[in-house]
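[1] take this sequence and fold it.
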Amino acid sequence: MTRLRVAARLLEIHRALVRHGLDDFVRATHLYRPFRFLFYLSPWTWFQRSAGATRGERLRLALEELGPIFVKFGQAVSTRRDLLPVDIADELAKLQDRVPPFRSTVAMAIIEQAFGRPLAEIFATFEAAPLAAASIAQVHAATLKSGEEVVVKILRPDMHEVIERDLEVLGALAALADEYWEDARRLRPLELVSEYRKTILDELDLMREAGNAAQLKRNFAGSTLLYVPAVYWDYCRSNVMVMERIHGIIVSRMDELRARGTNIAKLAENGVEIFFTQVFRHNFFHADMHPGNIFVQTDDPENPRYAAVDFGIVGTLQPRDQHYLAENFLAFFERDYARVAALHIESGWVPRSARVDELESAVRTVCEPIFNKPLKEISFAQVLLRLFEVARRFDMQVQPQLVLLQKTLLNIEGLGRQLYPELDLWKTAQPILRRWMRERVSPRTLLKQARAQLPDTVEALKQLPQLFNTAVREAAEGRLRWQVQSAEIEGLRRELRATALWRDITLAAAILWLSGFIWLAATMHVRWLGWLQLIAAAGLLVWFGSSRPGRRRP
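    Below you'll find the predicted structure:
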């Protein structure tokens with residue numbers, strides 16, 4: 001049954017491409033070649049072909065007809081005007097917030113069904129004409145009974161079924177690629193589709209989006225860089241969300257921003273700072289930053305502030321990936337290509353069999369020509385192609401968990417190119433990242449982490465003597481059956497002695513740590529003694545941990 005659904009959907013895609021005059025795509029796709037004449041000979045398709053439309057309009061109309069996943073693809077590439085012809089870029093930009101809306105009567109019915117009462121009992125006013133329409137939902141302006149101006153976001157009807165259908169197609173194509181494509185092991189199509197599946201399905205839950213918005217608002221509370229609208233939780237459901245209405249200029253309307261005297265250079269630099277702050281300091285980043293979701297508040301034109309909407313897609317990183325990314329960025333800023341190469345191997349992104357010196361030379365060849373150049377002088381299309389060549393040569397695997405971040409970085413770079421082509425991306429980003437790295441290893445941060453972990457450490461220490469005594473008692477009673485050689489018995493004895501010593505060292509460090517906290521809390525004088533005890537405890541653990549032999553493996 002799944003195969004029939006996939007085949008039927010592929011035929012729908014084929015028909016849409018032909019109907020909108022995108023025959024080149026059909027001819028270039030081997031999968032469709034057996035069917036192309038069937039649609040060329042169909043009178044219904046022939047008479048429905050888009051007449052008099054430009055190629056950009058035809059492409060936009062085809063993507064709109066094919067549904068949310070295709071519209072999102074168009075939105076993503078629309079930010080890269082440096083990679084697209086002007087006419088196509090202009091048309092795809094309309095996908096950011098001008099997708100054809102669904103009927104207002106349907107939107108009102110969805111709201112009434114979600115709340116179980118008439119619309120007039122929920123809102124003081126509700127504008128039937130939508131403010132904007134996107135691939136997943138559309139928004140309407142409204143006023144609460146208490147007087148606040150809000151926007152109401154309503155999920156398009158039948159979205160789950162539509163998305164699941166296209167995810168089946170992507171899954172089937174990924175399975176074919178995984179089986180027959182020679183680069184599949186490196187590019188990992190099944191994992192990429194799985195990661196995308198989680199992302200797109202999360203976007204269909206507006207309660208999750210409301211939670212994302214609330215978290216982002218807390219992260220930027222009091223910030224002069226980014227404003228996040230408030231969520232009205234009492235008015236949120238899985239398919240309806242109500243947020244504060246914000247007023248600003250869509251970031252792509254450059255003429256209007258300049259007319260208001262906006263400091264465009266500062267706006268572009270702030271965008272870079274927001275991105276790095278979200279990714280590294282907060283580890284929670286808005287991952288759908290196309291211009292339709294970004295506004296600019298120009299109350300103070302010299303200090304403009306961004307305002308974001310649409311928080312359905314956010315990203316986080318594992319601490320390990322976050323660390324390696326930060327190290328990679330800093331090594332790149334310092335042109336330490338040997339370090340970049342070593343980090344790629346240490347992280348497992350490149351096989352350990354790769355030679356560091358050869359990878360260093362390849363990275364230098366790609367990166368050196370673009371260093372210290374403004375955005376307008378960098379051809380990222382060429383850089384990406386050359387990086388793909390390097391990846392293939394060194395058998396570098398795609399990291400599915402980083403794809404969302406890479407997409408966001410490309411969006412940010414494309415947005416920066418539109419705003420201020422003179423922007424030096426590297427010069428702007430370097431001090432932000434350095435500041436974060438310093439904060440990450442500062443005594444205050446380490447102390448905060450230690451305080452957070454202290455309860456777990458104390459609980460673990462309480463259990464160690466009991467676990468040790470239980471093991472000894474079971475060994476004495478013969479309930480532990482050792483089937484080892486004499487050399488292994490001696491190794492176990494050494495490990496038991498090391499465990500006992502580790503217990504004593506940990507206990508001593510914990511006593512020092514607690515004593516230091518008590519001292520700092522109890523006195524305002526000679527505070528250095530408390531800090532000395534804390535440092536001694538940390539030093540004791542670090543010293544013994546680094547000198548302790550590795551755990552015995554069977």
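[2] against residue 65, how distant is residue 236?
    31 Å (Cβ to Cβ, to the nearest Å). Using the backbone N, CA and C atoms, a C-beta is placed for each residue, glycine as well.
[3] tell me which of those two has more neighbours.
    residue 236 (20 against 17; other Cβ atoms under 10 Å).
[4] quick check: which element contains the closest residue to the more buried one other than its chain neighbours?
    Distances taken as Cβ to Cβ, 6 or more residues apart in numbering place residue 210 nearest to residue 236, at 4.8 Å, with adjacent residues excluded. Element membership for residue 210, per DSSP states H and E: helix 206-219.
[5] what is that helix packed up against?
    If you count contacts as 3 or more Cβ pairs under 8 Å, 6 or more residues apart in numbering; DSSP states H and E, helix 206-219 packs onto strand 149-155, strand 240-244, strand 314-315.
[6] output the contacting helices and strands for the shortest one.
    Identification of packing neighbours for strand 314-315 by 3+ Cβ pairs under 8 Å, 6+ apart yields helix 206-219, strand 285-286, helix 400-419.
[7] state the pLDDT value of the most centrally placed residue in the chain.
    Residue closest to the average C-alpha location in the chain (Cα atoms, centre = their mean): residue 315, at 2.8 Å. Note for residue 315: predicted pLDDT of 87.
[8] bridge partners for it, pull those for me.
    For residue 315, the beta-bridge partners are residue 285 (DSSP bridges).
[9] distance of it from residue 275?
    From residue 315 over to residue 275 (counting by Cβ to Cβ), the distance is 11 Å.
[10] which residues do those two both contact?
    Common neighbours of residue 315 and residue 275 are listed as 285, 408 (criterion: Cβ atoms under 8 Å, 6 or more residues apart in numbering).
[11] just checking, residue 177 touches residue 184?
    Yes. At 5.3 Å, residue 177 counts as touching residue 184 under the criterion of Cβ atoms under 8 Å.
[12] which intervals of the stretch 151-300 of the chain have sub-threshold pLDDT?
    Within the stretch 151-300 of the chain, the stretches with pLDDT under 70 are 183, 186-187.
[13] how about the contacts made by residue 230?
    Contacts of residue 230 by Cβ under 8 Å, 6+ apart are 217, 243, 244.
[14] swap in 6 Å and give it another go.
    residue 244 (Cβ atoms under 6 Å, 6 or more residues apart in numbering).
[15] picking that back up, immediately after the helix holding residue 210, which helix or strand?
    strand 226-227.
[16] neighbours of residue 160, how many?
    12.
[17] distance-wise, check it relative to residue 21.
    Distance from residue 160 to residue 21, by Cβ to Cβ: 32 Å.
[18] and for residue 532?
    Using Cβ to Cβ, residue 532 is found at 77 Å from residue 21.
[19] neighbour-wise, which of these two wins?
    Counting neighbours by other Cβ under 10 Å for residue 532 and for residue 21 shows that residue 21 has the greater number, 17 against 14.
[20] and stretch 293-305, which residues are buried?
    For stretch 293-305, the neighbour count (16 or more other Cβ atoms under 10 Å) marks 293, 294, 295, 296, 297, 298, 301, 304, 305 as buried.
[21] is the third one bridged to anything, and to what?
    On the basis of DSSP bridges, residue 295 is bridged to residue 250, residue 307.
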